[in-house]
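Chemist: next input, structure requested:
(chains A and B)
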Amino acid sequence: MKKPELEVKNDMQNEELEVDTRVFVRRKKGLKRLNPSDVIFVVINTLILSFAVAVTLYPILNTLAVSFNDGLDALRGGIYLLPRKLSFKNYETVFNMNNLLTGARNSVLRTVIASVLHLSVTALLAYVLSVKEFVFRKHVSLFYVLTMYVNAGLIPIFLLFRELGLTNTFAVYIIPGMVAAFNLLVLRTYMSSLPDSLRESAQIDGANHLTIFWKIYAPICKPVFATIALFIAVFHWSSWFDNMIYNPRNRELTTLQYELMKLLSSVTSQTSSGSAYGKSTQSVAITPTSIRAAATIVTSMPIVVLYPFLQRYFITGLTIGGVKE
Amino acid sequence: MTDKDKEKDNRTPEEKKTAEELAVEMKVASIKRRQLAYSSDSSSGNPEKTKEELAARLSWKEKRKLKAERLAEPKVELNRRTLRRQKELLLITIPFVLYGFIFYYLPLGGWIMAFQDYEPKDGLLGSEFVGLDVFRYIFGEESFLYAFRNTLAMGVINLVLSFVFAIGFALLLNEVRLRGPKKFAQTVSYLPHFLSWIIVVGIVRDMLSMDHGIVNDLLVRFDILDKPMNFFSKPDLFWWIVGFSNVWKETGWNSIIYLAAITAINPEMYEAAALDGAGRFGKMWHVTLPGIKPTIFILLMINIGNVLNVGFEIQYLLTNAMIKKVSETIDIWVLYWGIGQGDFSVGTAAGIFKSVVSIILIYLANSAAKATGEERLF
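Modeler: Sure, this is the predicted structure:
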């Protein structure tokens, strides 16, 4: 029921943009009438934005170039946007590092499990809190909103997790943070904006709340679900702190970012020879810098590849999230 | 005067009457609705017909009132019948309350440690209470005071830079009329948000590196520096490196919300401004910027409460022995003393201090907003 409305929304956006271009065309015709100060403004604006885009893009492209360049050759410097001496050795090495592979497996696992689990659980609670006649609606909302402001701090949480036996387990990546207040508010705001009659008519037909949530609300909420899932996935893909605090020594539970961090700090103390990289150091074409560049690209790849497809979703989500509550 | 009073007197009973009537009508309606709910529970009767009947009996005024009532919070009494009827919702809620209690509220009990000389073998109940000694100790500790100063300084720098850049970027991007370039700039600007701090720190190090980092390359080429400079050995620069790394990573992302707010500005405002002779810059400055002022204030409010939360990952990853005095934040300090040295009392006390300062900051920001009549958080 909501879906067509969303389509309409998209159409509206397109229409807006079309209007925009029409204005532009009209402007173009009347270009002579343009104020000289406006021309200066447009020129300066274009320059500033081009600079911003260049500054944003350059470091990423540069890392990409270095990662495809021969390691020793890269040390001479002067590599900017394109590799000088093409080599796939860096990637070969990265894909042969066992700890990185274990880390990648754990990172993928935790990202997938957490996105699905956290999203469904948070959405269920959001649904319950969007039922306007629920007696404890306000109390439970407040109960979770307060968690945004009151934080016990690292040490008590650390001790609690140790008491609960969460340290040194994979569960410590999944169980904490299952219901984040901010995500809950975004989902609840979205669900509250849906007409009550949607739920009421289903109730009249004898559906219970779980069915209504799953069969009616979930399909309608797909866009906002995608947004929240993206937030959760990015958070889990990027996090390394829990790994360092709760599972520092267990090699089987390492994550990709944590491995990358160790790689980074080993590069800082470059003097301690390249022997950390095992066999591969014998083939001289590899340096810590180029390895790191390749690992960086590999680590950021999944998100960068997925993100253009998800872009239209997170804008909706952020806009809803901006509603004050 | 008397006439007016008369009029008033004349009107009041009439109004009273209608109000009374309305109240009765609404009571009837609510009873009907309850009946409706019951009949639906037992899935008997024809609810739609009852609904129609009900609708036909109510005048438009009453209907509007009913609608307003429905849009507002429906009043539900807490009694046994409601509880029974909402059993399913309650059952779903219980695990969430338990979860929230265990993972968000139970750790607060650990705050007791800050007032104890906590010994793991004695536990929370067996450890000796020492009053405020732990707090006295951390405030006497020079490294903690440095950490607090650094956290506050970096928090404020980050806050100011991220606001200025995000708002500026949104304003300028909004002025781009060509659809393709606009979309491209937007897409590029969001990208760094999705990179982890680990990656960003690696990139920052590369860019500022002494051997062939682009920044040093350019500075030397344009004769601003004689020879490459080691950016990470200069305590004065560290806060700004953190600030601008943050700008690089989050500007595009933060601008999304402002761009959304800009689309809500009434186009007539721009036409009016054009009639008054405003150019492109004038419109941006006098229409767009004031138009997003409420959004700016709300976000400012939220972020002021978060000032002390800004710094942890990047400082931890970028620091070195030369600049430790300016890079250590409260979180790193807690990590070092609490987890590293195993002094849980000290770590907890520092954490409490941070929470309390954050709450005070939110409260102050909110009061200031109230005083100036701006939007408020609560």
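Chemist: what number of residues lie near residue B:315?
Modeler: A count of nearby residues for residue B:315, using other Cβ atoms under 10 Å in any protein chain shown, gives 26. To be clear about C-beta, it is placed using only N, CA and C from the backbone, and glycine gets the same treatment.
Chemist: contact partners for it?
Modeler: Taking Cβ atoms under 8 Å, 6 or more residues apart in numbering or on different chains, we find residue B:315 in contact with B:150, B:154, B:242, B:327, B:328, B:329, B:332.
Chemist: my guess is the first one contacts residue B:329, does it?
Modeler: Yes: contact between residue B:150 and residue B:329 holds when scored by Cβ atoms under 8 Å: they sit 5.6 Å apart.
Chemist: and those two? Which one has more around it.
Modeler: residue B:329 (30 against 24).
Chemist: any idea how far that one is from chain A?
Modeler: For residue B:329, the distance to chain A equals 12 Å [Cβ to the nearest Cβ, to the nearest Å].
Chemist: quick check: that residue touching residue B:147?
Modeler: Yes: using Cβ under 8 Å, residue B:329 makes contact with residue B:147 at a distance of 5.8 Å.
Chemist: the helices in the stretch 201-325 of chain A, which residues?
Modeler: Using DSSP state H, counting those that start in this stretch, the helices of the stretch 201-325 of chain A run over A:209-211, A:218-220, A:222-238, A:241-246, A:256-268, A:288-321.
Chemist: same check, this time on the stretch 51-200 of chain A
Modeler: A:71-75, A:89-95, A:98-130, A:137-149, A:154-163, A:171-174, A:181-192, A:196-204.
Chemist: in CSV: those, plus mean pLDDT.
Modeler: Conversion of the helices of the stretch 51-200 of chain A to CSV gives the following (pLDDT from 0 to 100):
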stretch, mean pLDDT
helix A:71-75, 78
helix A:89-95, 85
helix A:98-130, 93
helix A:137-149, 88
helix A:154-163, 90
helix A:171-174, 94
helix A:181-192, 88
helix A:196-204, 88
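Chemist: select, out of those helices, the one closest to residue B:80.
Modeler: Ranking those by their distance to residue B:80 (criterion: Cβ to Cβ) puts helix A:137-149 first, at 17.9 Å.
Chemist: would you mind pulling the contact partners of the closest one?
Modeler: A:125, A:128-129, A:131, A:179, A:181-182, A:184-185, A:188, A:325, B:93, B:96-97, B:100, B:104-105, B:305, B:358-359, B:362.
Chemist: quick check: pLDDT value at the residue nearest the centre of chain B.
Modeler: Against the mean C-alpha coordinate of chain B, by Cα atoms, centre = their mean, the closest residue is residue B:302 at 4.1 Å. Listed pLDDT for residue B:302 reads 79.
Chemist: next one: residue B:375
Modeler: On pLDDT, residue B:375 comes in at 57.
Chemist: report the secondary structure state of the residue nearest to the centre of chain B.
Modeler: helix (DSSP: H, G, I helix; E, B strand; the rest coil).
Chemist: surely residue A:212 touches residue A:204?
Modeler: No: using Cβ under 8 Å as the test, residue A:212 is too far from residue A:204 to be in contact (11.2 Å).
Chemist: save the helices of the stretch 51-200 of chain A as TSV, and put in distance to residue A:288 and mean neighbour count too.
Modeler: Shown next, in TSV, are those (distance: least, Cβ to Cβ, whole Å; neighbours: other Cβ atoms under 10 Å in any protein chain shown):
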stretch	distance to residue A:288	mean neighbour count
helix A:71-75	9	19
helix A:89-95	11	20
helix A:98-130	14	20
helix A:137-149	41	16
helix A:154-163	31	20
helix A:171-174	28	19
helix A:181-192	38	22
helix A:196-204	57	16
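Chemist: residue B:151 contacts residue B:330, doesn't it?
Modeler: Yes: at 4.8 Å, residue B:151 counts as touching residue B:330 under the criterion of Cβ under 8 Å.
Chemist: what touches both of the two?
Modeler: B:308, B:354.
Chemist: break chain B into its domains for me.
Modeler: B:2-75, B:85-129, B:133-372 (automatic domain parsing).
Chemist: what's next to the helix or strand where residue B:324 lies, contact-wise?
Modeler: Here residue B:324, judged by DSSP states H and E, is contained in helix B:324-327. For helix B:324-327, contacts defined as Cβ under 8 Å, 6+ apart pick out B:146, B:150, B:235, B:238, B:239, B:315, B:318, B:319.
Chemist: switch to 10 Å and redo it
Modeler: B:142-143, B:146-147, B:149-150, B:153-154, B:232, B:234-239, B:241-242, B:311, B:314-316, B:318-320, B:332 (Cβ atoms under 10 Å, 6 or more residues apart in numbering or on different chains).
Chemist: name the next helix or strand downstream of it, please.
Modeler: Downstream of helix B:324-327 (by DSSP H and E), the next one is helix B:330-334.
Chemist: so residue A:161 touches residue A:173, yeah?
Modeler: No: shown here, residue A:161 and residue A:173 do not form a contact pair, counting by Cβ atoms under 10 Å, at 11.4 Å.
Chemist: find residues that contact each of those two.
Modeler: Joint contacts of residue A:161 and residue A:173 (Cβ under 10 Å, 6+ apart) are A:242, A:246.
Chemist: so where is chain B shaky, pLDDT-wise?
Modeler: Counting by pLDDT under 70, the ranges of chain B that qualify are B:1-76, B:310-311, B:373-378.
Chemist: where do the strands sit along chain B?
Modeler: B:116-117, B:128-129 (DSSP state E).
Chemist: residues contacting the residue nearest the centre of chain A?
Modeler: Central residue of chain A (Cα atoms, centre = their mean): residue A:234, 2.4 Å from the mean position. Contacts for residue A:234 (Cβ under 10 Å, 6+ apart) come out as A:111, A:115, A:303, A:306, A:307, A:310, A:314, B:193, B:194, B:195, B:196.
Chemist: report how many residues lie close to the nearest residue to residue A:151 once chain neighbours are set aside.
Modeler: Leaving aside its chain neighbours, residue A:151 sits nearest to residue B:355 (5.7 Å; criterion: Cβ to Cβ, 6 or more residues apart in numbering or on different chains). When neighbours are defined as other Cβ under 10 Å, residue B:355 has 18 of them.
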